[in-house]
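Colleague: Predicted model and sequence follow; I will ask about them next.
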Amino acid sequence: MATSIPTTGIIRTRSFIQPKDISLAVGVIIIVGLMILPIPAGALDLLIALNLALSIGIMLLTMYIEKPVDFSVFPTVLLLVTLFRLGINIAASRSILINADAGKVVDAFGGILVGGNYVVGVVLFLMLMIIQFTVINSGAARVAEVTARFTLDAMPGKQMAIDADLNAGMIDESQAQARRLQIGAEADFYGALDGATKFVKGDSTAAIIIMIVNIIGGIVIGVVQHNMDIIQALQRYTLLTVGSGLVIQIPAILVASASGLIVTRSRSNSSLGADLGKQLSNFTSLIIGAAIIGAIGLVPGLPSTPFLLVSAILAAAAFLVQRTKKQEKDAEIVAKAIPAATEPESPADMLSMVVIDPIELEIGYGLISLIDENDPDNLLKRVTAIRRQIMAELGLVLPIVRIRDNLRLQPQAYKIKIRGQDMAEGTLMIDHKLAIPGSDSDENFPGIKTSEPAFGLPALWINDSESGRAELMGYTVVAPLSVLSTHLTEVVRNHAPELLSRQMVKEMLDQLRSKSPATIEGVVPEMVSLGDVQAVMRNLLRERVPIRDLAGIIEVLANNAGFTRDANVLAEAVRQTMASTLSTQFRDDNNTLHVFTLSPQIESMLKAALGSAENGISFNIDASFAQALLTQTGAQMERLAQAGFFPILLCPRELRLAYRRLVEQSLPNLVVLAFSEVSQGTKVRAHGMVEIPLGN
């Protein structure tokens, strides 16, 4: 037959004999025993050392907690430590009066620290007691009393706030219960702490009384029982009493200071040292203080060495604070402007990697200062300016430029990515400037040789102090931020077709539909699809033709979509309506286009060689003839560039697209215009002609 065993008594017994509870009970018994039983001198030394260690530990603990309630047992600990200290005091007094000995620690404090002079010892002891009693204890008691009163007065309002949040649905019942418990714990803590400070204050009074009793009792015992003269008894027992008082009251001052620290702490998310370092680290205050102390040290008659030494320490601290705050600011900039890279773990995280950023700019940690938001001219503002510039030039809405740090890059290196692919890279010297030589610049100018990253021009990195002299010698001096923004702008121009996404085209069409619905109605998607519109606009951007006039582009597509759906042909049709735009884009201040042309013989040969291909119209010519065309075209481009003009080839309309397809890989900077794309009133000046000698 099974018998049920009652477990309630077992559980209660186990909870009573927990090791921590037993240790606490034994400790209280030892404290009481110190007041009753005699203690050997060696054990007394050990207890004194333990008392000092406990006091130091308590004081350090009050510095490292984030809020006072985290040390909620402090009032109880304060009581136990005070009782422990009183027990040691009584045991030491007993040993002094009975044996005229209280251990080596007391002898050391009475002999070494006060030089064996009992008068100095008494004065020093009284000074410590005055400081503890009138300054530390009184201040801590007053602060604890006021804090406890304010905490209790604020409880009803805090409870009402919790009820209001609960009724509004901002917190649930468990959160409300946790907040109520926290408020109750704060009230209990400050109430108990107010009472515990009275123990410390009473301990100071008891220490003074014990010292007086020990001195009087020691003199009586020495003279009456040990046949000492009064001076000998006074010196012996006073030194022992003072040594005992010092060795016990120094820990008492530490504990009293700990109580003052904990009652004056405010709620924080860091330790006391961190808060003090953060709030007292002011560069202006430190540097002004250093200047004032240094000036005092120069006053005649005063010793200059200590004042100048303190001034130097304050100045060093000021610059250390400045450097630390700059590092913190850089870290904050990285946290805000550069999202933290995390490794994908879940399938959802990996699916998010399918969508890549259209434009990414990766920078080394040495370039972080370029994105300082407090700088009036930073990389983030330059990106905004680039976005406006690209919109004005090409009509392209630049996507978000994602700026990331990359620890695998060199500190001052950067990399530009388009749709996840590396497109360009460069290196900046953040504390230098880039000097690009002109035609008459001195080639022997001192600097670090490099290449301008956007266009590959030879250049020098020079010191900032040399900028003025370099400009006088014909150099163009550019700051590192301008170098990076120029490179980014040029990469965006060259890859504008890839940045025009289908989503962006749809948003542009939706915007046009909201303002001019008749332009879109019946055209997209009835006559041309969204993909066709995107292909036409990409073809235009490929040759840096602006797409700002979206309404005009749609009208041309509507007029020609009945004849062809070829994006190349449709793009050519759009170009024919943009003669004014194209001419304005490339002509100089005198309304003149500077161009070169094809010779009549080459025009005839190319017209005869026109044919169709997968990507549109092309030339059916052999490789040697094509190479000769490219060589002669490149020579004419170089001639125009040396004259300071943009390289433009002017040719018949039917050859324009095919010729552009021929040269776009080898000569991407060549602008190929048709005669029909020159607006009326625009002057044309030909600087050369592409000719191939007969036999080639």
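Modeller: On my side now, so go ahead.

Colleague: Provide a list of residue ranges in the stretch 351-500 of the chain with pLDDT below threshold.
Modeller: 351-355 (pLDDT under 70).

Colleague: Which parts of it are helices?
Modeller: Assigned by DSSP state H, counting those that start in this stretch, the helices in the stretch 351-500 of the chain fall at 379-394, 467-472, 480-494, 496-499.

Colleague: Between those, which one is closest to residue 638.
Modeller: Proximity to residue 638 (Cβ to Cβ) singles out helix 480-494 among these, at 20.0 Å. Any C-beta I mention is one placed from the backbone N, CA and C, and that applies to glycine too.

Colleague: Okay, angle between that closest one and helix 379-394 too, please.
Modeller: Relative orientation of helix 480-494 and helix 379-394, computed by axes from the mean of the first three to the mean of the last three Cα atoms, to 10 degrees: 40 degrees.

Colleague: Pull the distance from helix 480-494 to the chain's centre.
Modeller: Chain-centre distance of helix 480-494: 25 Å, with Cα atoms, centre = their mean, to the nearest Å.

Colleague: Tabulate the helices of the stretch 351-500 of the chain (a markdown table), appending distance to residue 572 and mean neighbour count.
Modeller: Listed next are the helices of the stretch 351-500 of the chain as a markdown table, based on distance: least, Cβ to Cβ, whole Å; neighbours: other Cβ atoms under 10 Å:
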| stretch | distance to residue 572 | mean neighbour count |
| --- | --- | --- |
| helix 379-394 | 18 | 16 |
| helix 467-472 | 45 | 14 |
| helix 480-494 | 21 | 20 |
| helix 496-499 | 16 | 19 |
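
Colleague: For residue 596, find the nearest of the ones you listed.
Modeller: Nearest to residue 596, of all the helices of the stretch 351-500 of the chain, is helix 480-494, at 23.0 Å by Cβ to Cβ.

Colleague: helices or strands next to the closest one in the packing?
Modeller: For helix 480-494, the packing partners by 3 or more Cβ pairs under 8 Å, 6 or more residues apart in numbering; DSSP states H and E come out as helix 379-394, strand 413-418, strand 421-427, strand 432-436.

Colleague: who does the third one touch, helix- and strand-wise?
Modeller: Here strand 421-427 is seen to pack against strand 413-418, helix 480-494 when contacts are counted using 3+ Cβ pairs under 8 Å, 6+ apart.

Colleague: Export those to a markdown table and append columns for distance to residue 92.
Modeller: Formatted as a markdown table, the helices and strands packed on strand 421-427 follow (distance: least, Cβ to Cβ, whole Å):
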| stretch | distance to residue 92 |
| --- | --- |
| strand 413-418 | 70 |
| helix 480-494 | 72 |
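
Colleague: so which of these comes closest to residue 550?
Modeller: helix 480-494 (19.4 Å).

Colleague: Just the angle for the closest one relative to strand 413-418, thanks.
Modeller: Using the same axes, to 10 degrees: helix 480-494 against strand 413-418 is 20 degrees.

Colleague: can you tell which of the helices of the stretch 351-500 of the chain is closest to residue 423?
Modeller: Nearest of these to residue 423, taken as Cβ to Cβ: helix 480-494 at 5.6 Å.

Colleague: And the contacts of that closest one?
Modeller: Residues from elsewhere that reach helix 480-494 (Cβ atoms under 8 Å, 6 or more residues apart in numbering): 359, 361, 367, 370, 377-379, 382-383, 385-386, 389-390, 393-394, 398, 401, 414, 416, 418, 423-424, 426, 428-430, 432-434, 452-455, 478, 499, 544, 668.

Colleague: Out of those, which end up buried?
Modeller: 359, 361, 367, 370, 378-379, 382-383, 386, 390, 393-394, 398, 401, 414, 416, 418, 423-424, 426, 428-429, 432-434, 452-454, 478, 499, 544 (16 or more other Cβ atoms under 10 Å).

Colleague: contacting residues for residue 532?
Modeller: Residue 532 touches 557, 561, 565, 567, 570, counting by Cβ under 8 Å, 6+ apart.

Colleague: Give me the buried subset of the residues you listed.
Modeller: Looks like those have 557, 561, 567, 570 buried, using 16+ other Cβ under 10 Å.

Colleague: thought the second one was touching residue 527?
Modeller: To tie it back to what came earlier, the one meant is residue 561. Yes - the criterion here is Cβ atoms under 8 Å, and residue 561 meets it with residue 527 at 4.2 Å.

Colleague: Return the distance of residue 287 relative to residue 304.
Modeller: For residue 287, the distance to residue 304 (Cβ to Cβ, to the nearest Å) stands at 19 Å.

Colleague: Comparing the two, which residue is more hemmed in?
Modeller: residue 287 (17 against 14; other Cβ atoms under 10 Å).

Colleague: If we ignore the residues flanking it in sequence, what's nearest the more buried one?
Modeller: Residue nearest to residue 287 in three dimensions, not counting chain neighbours: residue 318, with 4.4 Å by Cβ to Cβ, 6 or more residues apart in numbering.

Colleague: average model confidence for whichever strand or helix holds the one you found?
Modeller: Per DSSP states H and E: residue 318 is located in helix 304-337. Averaged across helix 304-337, pLDDT comes to 74.

Colleague: Which neighbouring elements make contact with it?
Modeller: Other elements packing on helix 304-337 under the criterion 3+ Cβ pairs under 8 Å, 6+ apart are helix 283-297.

Colleague: Hey, what's the angle from the helix it packs on to helix 304-337? Just curious.
Modeller: 170 degrees.

Colleague: what packs against helix 283-297?
Modeller: helix 304-337.

Colleague: roughly how far out does the helix it packs on sit from the chain middle?
Modeller: So, by Cα atoms, centre = their mean, the centroid of helix 304-337 is 17 Å from its chain's centroid.

Colleague: now stretch 246-259
Modeller: The gap between where stretch 246-259 is centred and where its chain is centred comes out at 42 Å by Cα atoms, centre = their mean.

Colleague: Send me that stretch as PDB with only the CA atoms.
Modeller: Below are the C-alpha coordinates for stretch 246-259, written out as PDB (Å, rounded to 0.1, in the frame of the first residue of the first chain):
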ATOM      1  CA  LEU A 246      42.000  55.200  13.400                       C
ATOM      2  CA  VAL A 247      42.100  51.700  12.100                       C
ATOM      3  CA  ILE A 248      38.400  51.300  12.800                       C
ATOM      4  CA  GLN A 249      37.200  54.800  11.800                       C
ATOM      5  CA  ILE A 250      38.900  54.900   8.400                       C
ATOM      6  CA  PRO A 251      36.600  52.100   7.200                       C
ATOM      7  CA  ALA A 252      33.700  54.000   8.900                       C
ATOM      8  CA  ILE A 253      34.500  57.000   6.800                       C
ATOM      9  CA  LEU A 254      34.500  54.800   3.700                       C
ATOM     10  CA  VAL A 255      31.100  53.400   4.500                       C
ATOM     11  CA  ALA A 256      29.700  56.800   5.400                       C
ATOM     12  CA  SER A 257      31.000  58.100   2.100                       C
ATOM     13  CA  ALA A 258      29.400  55.200   0.300                       C
ATOM     14  CA  SER A 259      26.000  56.100   1.900                       C
END
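
Colleague: Give the rounded mean pLDDT of that stretch.
Modeller: Per-residue pLDDT over stretch 246-259 has a mean of 74.

Colleague: Per the annotation, how does this protein divide into domains?
Modeller: Following automatic domain parsing, one gets these domains for the chain: 15-271, 281-334, 354-498, 500-577, 579-696.

Colleague: tell me what the helix or strand harbouring residue 555 is packed against?
Modeller: Taking DSSP H and E as the definition, residue 555 sits inside helix 550-560. Packing partners of helix 550-560 (3+ Cβ pairs under 8 Å, 6+ apart): helix 502-515, helix 517-520, helix 530-542, helix 567-576.
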